[in-house]
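>>> can't give you the sequence, but here's the structure:
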């Protein structure tokens, strides 16, 4: 039973870690990176290390996300619109690239 | 070409890690120091939480190093990102949901933070974790009303005094016993709030230092102007 829960948490962490890379939105990427920390703290609880789990939940899931978000805000990258990461991404076409493509087709 | 090179580099790194991982006896620690801590720490220090006993009792000097690293990092981040023009506009105050949520959460978070700090030698947690929780509580207040801000002078004083208290306790131990940061004042009864000698004092000073430092960092960052869209 515990193994299956751990497997579920690991899969969730992997999915959100990939989501950090793939998501077209910085805000969503920060949230996904916090989910990785949250999953890790659950794993620490299952390994009977509550001290480390507390630290991971407070720092990895909470504080680092807040500081990343504040840095994004400072750099003017804090938008909630879809797909405005602003840079050409290897895996996901940005909204600008897609709209340019449809323009050229039309 | 560059993609192939980075792929080969990553593949080689994974291969090396797998080779090293295959050699390790996972779950069978070769070092005996953990078992020795478990045997000795309880009677010697009187702390129910052995992790805090190690962090503040046996490895107090490492914790001092951690505090200085955190101080340097927070100072550097504040210097680089925490700049503010005098004419920059403020963020608007938070809406009803944020305000009501923070009014509900703030006292709860402060109680949890103080509890974790004060019971560092009894329950999981300690100065560092409790300090982060306290900093998060005060950051929520800043989020609701960005114009109010925090009293930076007060925060600086708390941080400096807490850091000085940690070092002064260490020097006191150096004078009394000849070892820097050696636990003192006896062990007391294990499980009481007033037990484990100087460990609770060290825990409180770590908590105040980390809490005020991180709250100051977040206040600096959220005080900085956002770049104009």
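It's in. Please read these numbers as outputs of a predicted model, since none were measured by experiment. Numbers count the residues shown, from 1 in each chain, chains lettered A, B, ... in the order given.
>>> excluding its backbone neighbours, what's nearest residue 46?
Using chain A. residue A:6 (5.9 Å; CB to CB, 6 or more residues apart in numbering or on different chains). In short, each C-beta sits where N, CA and C put it, glycine included.
>>> Can you look at chain B instead?
residue B:187 (2.8 Å).
>>> who's in contact with residue B:124?
Residue B:124 makes contacts with A:50-51, A:53-54, B:49, B:51, as judged by CB atoms under 8 Å, 6 or more residues apart in numbering or on different chains.
>>> how about a cut-off of 7 Å?
Contacts for residue B:124 (CB atoms under 7 Å, 6 or more residues apart in numbering or on different chains) come out as A:50-51, A:54, B:49.
>>> Residue B:132 against residue A:58, yeah?
Yes. In this structure, residue B:132 is within contact of residue A:58 by CB atoms under 7 Å, at 4.0 Å.
>>> Now do the least confident helix or strand in chain B by mean pLDDT: distance to the chain's middle.
Taking mean pLDDT, DSSP states H and E as the measure, the helix or strand of chain B with the lowest value is helix B:33-45, at a mean of 80. Computed by CA atoms, centre = their mean, to the nearest Å, the separation of helix B:33-45 from the middle of its chain amounts to 24 Å.
>>> Chain A versus the residue nearest to the spatial centre of chain B, what's the distance?
Chain B has residue B:128 as the residue nearest its centroid, 2.9 Å off, counting by CA atoms, centre = their mean. Distance, residue B:128 to chain A, using CB to the nearest CB, to the nearest Å: 7 Å.
>>> what do you get for residue B:141?
As judged by CB to the nearest CB, residue B:141 and chain A stand 13 Å apart.
>>> what does residue B:16 give?
From residue B:16 to chain A the distance is 21 Å (CB to the nearest CB).
>>> okay, now that residue: neighbour count?
10 (other CB atoms under 10 Å in any protein chain shown).
>>> which SSE is it in?
Using DSSP states H and E, the element containing residue B:16 is helix B:2-23.
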